[in-house]
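S.K.: predicted model, plus sequence, below.
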Amino acid sequence: MRNFLTFIKELRVPKKQELIDAIASFTKKEFTIFIASFAVALIATVILVGKVNSAFMVDIPTNGGTITEGIVGMPTLVNPVLSLSDADKDLTSLVYSGLMRKLPDGTLIPDLAESYTVSPDGMTYTFVIKKNAKFQDGSKVTADDVVYTINQINDPLTKSPHKASWDGISVSKKDDSTVVFTLKQPYISFMDNTTIGIMPMHIWKNINPAEFGLSTLNIKPIGSGPYKVKSVSKNSEGVPTQYSLERFNNFILGEPHIKYINIIFYNNESDLIKALSSHTIDQAGGISPENADTVKNNGYIIHTATLPRIFGIFFNSANNKIFSDSSVVNAFDKALDRQELINNILYGYGTLVHNPIPEFILHDQSINDYKNASLDEARSILDKAGWTLGADGIRAKGGTTTVTKNVRVGGKTVTRTSTVNNGPVVKLIFSITTGDTPELKNAASLIKDQLEKIGAQVNIKIYESGQLNQLIRTRNYEALFFGQIINHESDLFSFWHSSQKVDPGLNIAMYSNKNVDGILELAEKTLDPNQRIVQYGTLMKEFDKNIPALLIYSPKYLYATLPTLNNLKLDTLTTPSDRFSLVYSWYANTDHVWKIFTKQ
């Protein structure tokens, strides 16, 4: 009590003596109550002030910090013209930037471009480059750099894997800041082309196109992207093992928040998972579904994105006539339990697919709504179509059948039998060809189990990638379990137009439908995306009339990061490297400030 009175005496408040006298007059009980009340009031005030403070304060990103990412594979061509492997594409997307940049939701925003215009016929695209756009060596990005980059892609000596996307497209310089692309015919995916990284002509111009892939500039590149190469670590054989990147402060879309990004390369996923478990790295992409729980248990967050890959069974009726019978395909469609396949093969990390138009094109998840698998419905379809179940458990159709009829003869009912020839006996037997990977083999095995429950006999044929590619080129299969990669809308033409049934076409279902051909041809000339969506709706209805393939699932891309990484946005990735499209907005450090001090 004395200490408390001393505290009161030191207070500089009016009528201090009266307060001291009042407290001194308290009985011991009254004083205890007073102290308790005072403590409660003090605590309540602190809590109230804290809540008010929190209500007016927010976390904001602050610059700085380092993240370390692990990647499977070794980079050899960090070059937008030549990049082919995932490791090459990942680094290229960090170091280089294009005229346009694709966001995680699939939309495009200007990157190096200030603006662009499209002619009414869709044959001419004019881009104006931002005046303050710079490469990482400080030189300006000009129209010459854009023209040079595209010409290198089109030069057959360069052997660019992107050449097919630029065939029939010419580029010219209008002035130092303006480039004009001229197309021979409308190309609905052209704007996707403009996301390709632009190369600095002044650095590359003396490199012979035939020696493009041999230049050391492919290992330590200079671009205009959000991060520049600080150093490259190599092993004793000269193979890069780690890239150290630092933010490019003059990146045209704004200075990146995270200061350094280290990229470490691993030979396989097993080594990558070990690095995550030991926290040698902070994050990694392309995690297999079976490893997701292990990664999560080590304190990481699993982010998912839909990949434009559609796996399904593609039928070749030329090699097995049972697929010419629509009742067989319809029954198989009913018997397939797509969700069971996703749960067992992808550990739940997949999206149901039931039609050929990916969600990222239509922006509508309801397109893949479908009724659950029903073995009873599947069996009923086959029964009605004359596919009878034999003693061996396999359905068959055709052959001779005995028909018994009761007829009236002379006032009496007489039973008569006759033999009906239904053609040669055809059994519900076919083979599924697929690749020699755990996912493909396990999926084919589960599909076999599901279809054999309705009386089919399914044989599985496994081939390594080289053999499988040759079989696909020659269309030497009865049914193929495989995945389509649909990077652009134009790929729909390649996969489903009848002109693409023969190699190098990609119509692996050997699909031929004049109505679908017409829809795809019209879509290729339609610049308005809303009109194309209407056309695709008609295409899906045609597809359902005569199903050429049973589409099953799209796998999810799994990206593991620490909880401290903020503002990561993943939606639909055209390629895994697209996860870096907004890397300049990521941040690992935060500050807690009052809202009034944030930028509005």
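M.R.: Arrived safely. Numbering: from 1, shown residues only.

S.K.: residues touching the nearest residue to residue 133 once chain neighbours are set aside, list them.
M.R.: Excluding the flanking residues, the one nearest residue 133 by Cβ to Cβ, 6 or more residues apart in numbering is residue 141, at 4.0 Å. The C-beta positions use only the backbone N, C-alpha and C, and glycine is treated the same way. By Cβ atoms under 8 Å, 6 or more residues apart in numbering, the contact list for residue 141 reads 112, 129, 130, 133, 134, 135, 198, 200, 224.

S.K.: need the pLDDT of the third one.
M.R.: Residue 130 is assigned a predicted lDDT (pLDDT) of 98.

S.K.: circling back: now intersect the contacts of residue 141 with the strands, please.
M.R.: Among the contacts of residue 141, the members found in strands (DSSP state E) are residue 129.

S.K.: how about the contacts of residue 141 in a markdown table, adding distance to residue 152?
M.R.: A markdown table is the format used below for the contacts of residue 141 (distance: Cβ to Cβ, whole Å):
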| residue | distance to residue 152 |
| --- | --- |
| 112 | 17 |
| 129 | 18 |
| 130 | 22 |
| 133 | 19 |
| 134 | 21 |
| 135 | 16 |
| 198 | 11 |
| 200 | 12 |
| 224 | 16 |
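
S.K.: may I ask which two of the contacts of residue 141 are separated the most?
M.R.: The span of these, defined through Cβ to Cβ, is set by 130 and 200 at 15.5 Å.

S.K.: thinking again about what came up before, make JSON lines out of the contacts of residue 141 and add distance to residue 285 and neighbour count.
M.R.: Shown next, in JSON lines, are the contacts of residue 141 (distance: Cβ to Cβ, whole Å; neighbours: other Cβ atoms under 10 Å):
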{"residue": "112", "distance to residue 285": "25", "neighbour count": "25"}
{"residue": "129", "distance to residue 285": "31", "neighbour count": "25"}
{"residue": "130", "distance to residue 285": "30", "neighbour count": "18"}
{"residue": "133", "distance to residue 285": "28", "neighbour count": "22"}
{"residue": "134", "distance to residue 285": "29", "neighbour count": "17"}
{"residue": "135", "distance to residue 285": "27", "neighbour count": "25"}
{"residue": "198", "distance to residue 285": "25", "neighbour count": "27"}
{"residue": "200", "distance to residue 285": "28", "neighbour count": "25"}
{"residue": "224", "distance to residue 285": "24", "neighbour count": "28"}
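
S.K.: so the protein: which segments form each domain?
M.R.: The chain breaks down by automatic domain parsing into domains covering 2-55, 66-300+562-597, 309-387+428-555, 391-427.

S.K.: off-centre distance for stretch 449-456?
M.R.: 32 Å (Cα atoms, centre = their mean, to the nearest Å).

S.K.: now the end-to-end length of that stretch.
M.R.: One end of stretch 449-456 sits 9 Å from the other (Cα to Cα, to the nearest Å).

S.K.: in that stretch, what's buried?
M.R.: Residues of stretch 449-456 classed as buried by neighbour count (16 or more other Cβ atoms under 10 Å): 450, 451, 454, 455, 456.

S.K.: strands along the stretch 251-400 of the chain, start to end?
M.R.: Taking DSSP state E, counting those that start in this stretch as the test, the strands found in the stretch 251-400 of the chain are 260-266, 283-285, 301-306, 309-315, 350-352, 388-389, 395-397, 400-409.

S.K.: same question, the stretch 401-550 of the chain
M.R.: Ranges of strands in the stretch 401-550 of the chain, per DSSP E, counting those that start in this stretch, are 412-421, 426-427, 429-435, 457-463, 479-485, 549-561.

S.K.: most packed of these?
M.R.: strand 549-561 (a mean of 23; mean count of other Cβ atoms under 10 Å).

S.K.: give me the angle between that one and strand 309-315.
M.R.: Counting by axes from the mean of the first three to the mean of the last three Cα atoms, to 10 degrees, strand 549-561 points 160 degrees away from the direction of strand 309-315.

S.K.: partners of strand 549-561 in the sheet?
M.R.: Applying DSSP bridges to the sheet, strand 549-561 is found paired with strand 283-285 (antiparallel), strand 301-306 (antiparallel), strand 309-315 (antiparallel), strand 350-352 (antiparallel).

S.K.: in TSV: those strands, plus distance to residue 439, mean pLDDT and mean neighbour count.
M.R.: Formatted as TSV, the entries for these read as follows, by distance: least, Cβ to Cβ, whole Å; pLDDT from 0 to 100; neighbours: other Cβ atoms under 10 Å:
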stretch	distance to residue 439	mean pLDDT	mean neighbour count
strand 283-285	17	97	23
strand 301-306	16	94	18
strand 309-315	9	96	23
strand 350-352	10	92	19
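
S.K.: tell me which of these lies nearest to residue 530.
M.R.: strand 301-306 (21.7 Å).

S.K.: who touches the closest one?
M.R.: The contact list for strand 301-306 (Cβ under 8 Å, 6+ apart) reads 104, 287, 292, 295-296, 349, 351, 359-360, 554, 556-563, 568, 570-573, 579.

S.K.: where does the stretch 301-450 of the chain dip in pLDDT?
M.R.: The model of the stretch 301-450 of the chain has pLDDT under 70 over residues 363-371, 400-403, 410, 416, 418-423.

S.K.: over to the stretch 451-600 of the chain?
M.R.: Applying pLDDT under 70 to the stretch 451-600 of the chain flags residues 590-600.

S.K.: recalculate using a threshold of 90.
M.R.: For the stretch 451-600 of the chain, the stretches with pLDDT under 90 are 486-489, 504-505, 524-525, 527-530, 544-546, 567, 569-575, 588-600.

S.K.: sorry, back to before: out of the strands paired with strand 549-561, which comes closest to residue 517?
M.R.: Comparing those by their distance to residue 517 (Cβ to Cβ), the top pick is strand 309-315, with 17.9 Å.

S.K.: quick check: angle from the closest one to strand 429-435?
M.R.: Relative orientation of strand 309-315 versus strand 429-435 (the same axes, to 10 degrees): 150 degrees.

S.K.: centre of the chain to strand 309-315, how far?
M.R.: Taking mean C-alpha positions (Cα atoms, centre = their mean), strand 309-315 and its chain are 17 Å apart.

S.K.: pLDDT at the residue lying closest to residue 186 once chain neighbours are set aside, what is it?
M.R.: Nearest non-adjacent residue to residue 186, counting by Cβ to Cβ, 6+ apart: residue 122, 3.9 Å away. Reading off the confidence values, residue 122 has pLDDT 92.

S.K.: count the neighbours of residue 122 for me.
M.R.: 17 (other Cβ atoms under 10 Å).

S.K.: again with residue 115
M.R.: Using other Cβ under 10 Å, residue 115 has 11 neighbouring residues.

S.K.: which one of the strands of the stretch 251-400 of the chain lies closest to residue 523?
M.R.: Smallest distance to residue 523 across the strands of the stretch 251-400 of the chain (Cβ to Cβ): 17.8 Å, for strand 309-315.

S.K.: between that closest one and strand 479-485, how big is the angle?
M.R.: 150 degrees.

S.K.: tell me the buried residues in stretch 193-207?
M.R.: Buried residues in stretch 193-207, counted by 16+ other Cβ under 10 Å: 193-204, 207.

S.K.: need those residues in JSON lines with distance to residue 392 and pLDDT, can you?
M.R.: Output for those, formatted as JSON lines (distance: Cβ to Cβ, whole Å; pLDDT from 0 to 100):
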{"residue": "193", "distance to residue 392": "55", "pLDDT": "96"}
{"residue": "194", "distance to residue 392": "59", "pLDDT": "98"}
{"residue": "195", "distance to residue 392": "56", "pLDDT": "97"}
{"residue": "196", "distance to residue 392": "57", "pLDDT": "97"}
{"residue": "197", "distance to residue 392": "60", "pLDDT": "98"}
{"residue": "198", "distance to residue 392": "64", "pLDDT": "98"}
{"residue": "199", "distance to residue 392": "64", "pLDDT": "98"}
{"residue": "200", "distance to residue 392": "69", "pLDDT": "98"}
{"residue": "201", "distance to residue 392": "70", "pLDDT": "98"}
{"residue": "202", "distance to residue 392": "74", "pLDDT": "97"}
{"residue": "203", "distance to residue 392": "70", "pLDDT": "96"}
{"residue": "204", "distance to residue 392": "67", "pLDDT": "96"}
{"residue": "207", "distance to residue 392": "67", "pLDDT": "93"}
